[in-house]
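# Build the 3D model from these lines:
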Amino acid sequence: MANSRKACRYCKKYREVHKMVKVPLGVFCNWGHAVAHGKALAEKKKVKDVKAREKASRAKHTLDKKSVKRRSDWYATLQALVNQWVTKVRDVDEACCTCGTRNPDIKYDAGHFFSVGARKDLRFNTMNIHKQCNQICNVYGSGMRLEYEAFIVARYGQWALDELTLEGKPLKDQFPTWSDIEDEIKRYRKILRDAGIKPCR
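Numbers count the residues shown, from 1 in each chain. Predicted structure coming up:
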């Protein structure tokens with residue numbers, strides 16, 4: 001007879017249906033198995049609920065930490081990633097923008113034409129940032145401004161230099177909230193990973 005035997009939901013053993021206990025949760029060998037199965041389900045739900053509450057608590061904690069994080073900290077993270085992209089991806093095969101050296105044994109920076117202190121609005125403008133040798137040009141040469149200016153005109157055209165000299169939107173207008181900065185951070189991290197480079201932050 002079809003379906004004359006069924007497996008107990010608790011022990012999985014097959015028995016004749018007419019000898020089994022039928023409840024909304026299924027069929028069981030006996031009432032003990034039905035009760036044990038019910039308790040096991042309740043315990044699983046309890047564990048699941050605890051995990052869900054813990055996950056929600058962690059998410060809230062992370063959100064709280066992000067919301068009180070200073071803008072300067074967000075900017076520092078973004079700057080490190082932008083600098084990494086400039087030196088390790090976009091300009092990786094380029095020479096120093098101001099002296100033309102390609103010496104592989106020296107350190108290269110992401111040099112700003114207009115420094116961050118002088119023009120905060122251009123801090124993340126990639127036309128304002130290029131690969132530059134660390135000591136001779138960026139540090140001791142104070143950025144080699146005249147050579148940098150000539151480089152920008154040669155690479156992009158006079159229009160780029162003219163555009164950079166115009167006052168741009170303040171950073172607070174470029175990134176109204178911390179989540180806007182975080183979105184840009186995520187974008188650069190993805191770009192770096194796609195290029196096979198581990199993001200520095």
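# Now for the nearest residue to residue 141 once chain neighbours are set aside: which residues touch it?
Spatial nearest neighbour of residue 141, excluding adjacent residues (C-beta to C-beta, 6 or more residues apart in numbering): residue 98 at 7.1 Å. All C-beta atoms are positioned from the backbone trio N, CA, C, and that covers glycine. By C-beta atoms under 8 Å, 6 or more residues apart in numbering, the contact list for residue 98 reads 111, 132, 133, 137, 141, 143, 144, 147, 148, 151.
# Compare the residues you listed and tell me which has the most neighbours.
The most crowded member of the contacts of residue 98, judged by other C-beta atoms under 10 Å, is residue 132 (31 neighbours).
# how about that one, secondary structure?
State at residue 132, reduced to three classes by DSSP: H, G, I helix; E, B strand; the rest coil: strand.
# pretty sure it is in contact with residue 143, am I right?
Yes - counting by C-beta atoms under 8 Å, residue 132 does reach residue 143; the two are 7.4 Å apart.
# which neighbours do the two share?
Common neighbours of residue 132 and residue 143 (C-beta under 8 Å, 6+ apart) are 98, 111.
# where along this structure do the helices fall?
For the chain, the helices defined by DSSP state H cover 31-68, 71-85, 145-155, 158-165, 171-174, 178-194.
# Alpha carbons of the third one, as CSV, please.
Listed next in CSV are the C-alpha coordinates belonging to helix 145-155 (Å, rounded to 0.1, in the frame of the first residue of the first chain):
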residue,chain,number,x,y,z
ARG,A,145,56.4,74.1,-9.2
LEU,A,146,57.7,75.5,-12.5
GLU,A,147,58.6,72.1,-13.9
TYR,A,148,55.2,70.7,-12.6
GLU,A,149,53.4,73.5,-14.4
ALA,A,150,55.1,72.7,-17.6
PHE,A,151,54.3,69.0,-17.2
ILE,A,152,50.6,69.7,-16.7
VAL,A,153,50.5,71.8,-19.8
ALA,A,154,52.4,69.2,-21.8
ARG,A,155,50.3,66.3,-20.6
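# The one helix or strand in the chain whose mean pLDDT sits lowest: how far from the chain's middle?
Within the chain, no helix or strand scores below helix 31-68, which has a mean of 83 by mean pLDDT, DSSP states H and E. Helix 31-68 sits 27 Å away from the centroid of its parent chain (C-alpha atoms, centre = their mean, to the nearest Å).
# again, but for stretch 110-123
Counting by C-alpha atoms, centre = their mean, stretch 110-123 comes out at 24 Å from the chain centroid.
# Could you check it and say which residues are buried?
For stretch 110-123, a neighbour-count test (16 or more other C-beta atoms under 10 Å) marks 110, 111, 112, 113, 114, 119, 120, 121, 122, 123 as buried.
# go on, stretch 194-201?
residue 199.
# State the distance from the residue nearest to residue 151 when sequence neighbours are not counted to residue 147.
Excluding its sequence neighbours, the residue lying closest to residue 151 (C-beta to C-beta, 6+ apart) is residue 97, at 4.7 Å. Distance from residue 97 to residue 147, counting by C-beta to C-beta, to the nearest Å: 8 Å.
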